[in-house]
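**Q** Here you go, sequence then predicted model.
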Amino acid sequence: MEFFTTAVNVPLFKGLSSRDLELIAAQSHIRTFKKGELLFYEGDDLPYWFYVVEGSLRAYKTSNDSHEISICTIDQGMAVNDMRLSGHQYQALTFGTIEAQEKGSMIGIKTSALPLLFTQIPEFTLRCFHTALISVENYQRAFYNGMVLDAMGKVAFMLAHDLEKFNRLKKQEIAALLNIQPETLSRLLGKLVRKEIIRTDGEIILLDTDAIKSLYN
């Protein structure tokens, strides 16, 4: 019963028939998490492909000098781990250490059951493919931010594309996500305010979208 209560409004499952949901529920596991909880380590080969139902997670790698390098955030509707095909079997590998930024829950589907579920529920196959594409797009954005943009570009890009998340997270969390110092973030935001590109009034409001985009294009 817990699966049906949790899955009823989740895009991956919404609208599927009761029969389809029963088939998926029999091969699924629901896991809740608390803010700050360390869920998985980089390279973990998990028996479940996890999907975020609510809350937010952070994926990061640890450098040789023990510095945490954020990769991306994993929000509602995104896959937590990578799905890979090894021979005729699916594997769910974690591409980084996964830590909870907010409390929430996720649904895990047994990787060993995916071939059968894909055969029996074609619509579910398409939805999983769509979920995987969303995750890939997020990874590509993280790569673009980390490898191409300077500190101001990273801040501007997040303001333009993830303003709601920017306003929701604490400055320390944003700085960690963008791999910059909190002091650098404060200095750059102050510069944007002085140039009248943004306004800080309890939360950040964009005043000049074109100016923001010019900082990373």
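**A** Cool, got the structure.

**Q** From now on I want contacts and neighbour counts done on CA atoms only, so please keep to that.
**A** Fine.

**Q** hey, what's the residue nearest the centre of the chain bridged with?
**A** By CA atoms, centre = their mean, the chain has its centre lying nearest to residue 74, at 1.3 Å. Judged by DSSP bridges, the bridge partners of residue 74 are residue 57.

**Q** So the protein: which segments form each domain?
**A** The chain breaks down into these domains under automatic domain parsing: 2-147, 150-214.

**Q** can you tell me which of these the model trusts least?
**A** Mean pLDDT values for these show the minimum at domain 2-147, a mean of 86.

**Q** so where do the strands sit in this protein?
**A** 28-33, 38-40, 45-46, 48-54, 57-62, 68-74, 82-86, 89-93, 97-100, 104-110, 198-200, 204-206 (DSSP state E).

**Q** Can you name the residues that contact the closest residue to residue 153 other than its chain neighbours?
**A** Distances taken as CA to CA, 6 or more residues apart in numbering place residue 216 nearest to residue 153, at 4.6 Å, with adjacent residues excluded. Under the criterion of CA atoms under 8 Å, 6 or more residues apart in numbering, the neighbours of residue 216 are 149, 152-154, 156-157.

**Q** and of those residues, the nearest to residue 5?
**A** Using CA to CA, residue 157 comes nearest to residue 5 of the contacts of residue 216, at 36.4 Å.

**Q** from what I can see residue 152 touches residue 214, true?
**A** No: here residue 152 lies out of contact with residue 214, judged by CA atoms under 8 Å, at a distance of 10.8 Å.

**Q** So which of these two has more stuff around it?
**A** Ranked by neighbour count (other CA atoms under 10 Å), residue 152 and residue 214 place residue 152 first, with 19 against 11.

**Q** Relative to residue 84, how far out is that one?
**A** Distance, residue 152 to residue 84, by CA to CA, to the nearest Å: 35 Å.

**Q** Ok, residue 51 next?
**A** Following CA to CA, the distance that separates residue 51 from residue 84 is 15 Å.

**Q** okay, the two: which has more neighbours?
**A** residue 51 (24 against 12).

**Q** tell me the contacts of the nearest residue to the more buried one once chain neighbours are set aside?
**A** Leaving aside its chain neighbours, residue 51 sits nearest to residue 79 (4.5 Å; criterion: CA to CA, 6+ apart). Taking CA under 8 Å, 6+ apart, we find residue 79 in contact with 49-52, 131-132, 135.

**Q** Columns distance to residue 173 on top of those, output as TSV?
**A** Shown next, in TSV, are those (distance: CA to CA, whole Å):
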residue	distance to residue 173
49	26
50	23
51	22
52	19
131	25
132	25
135	20
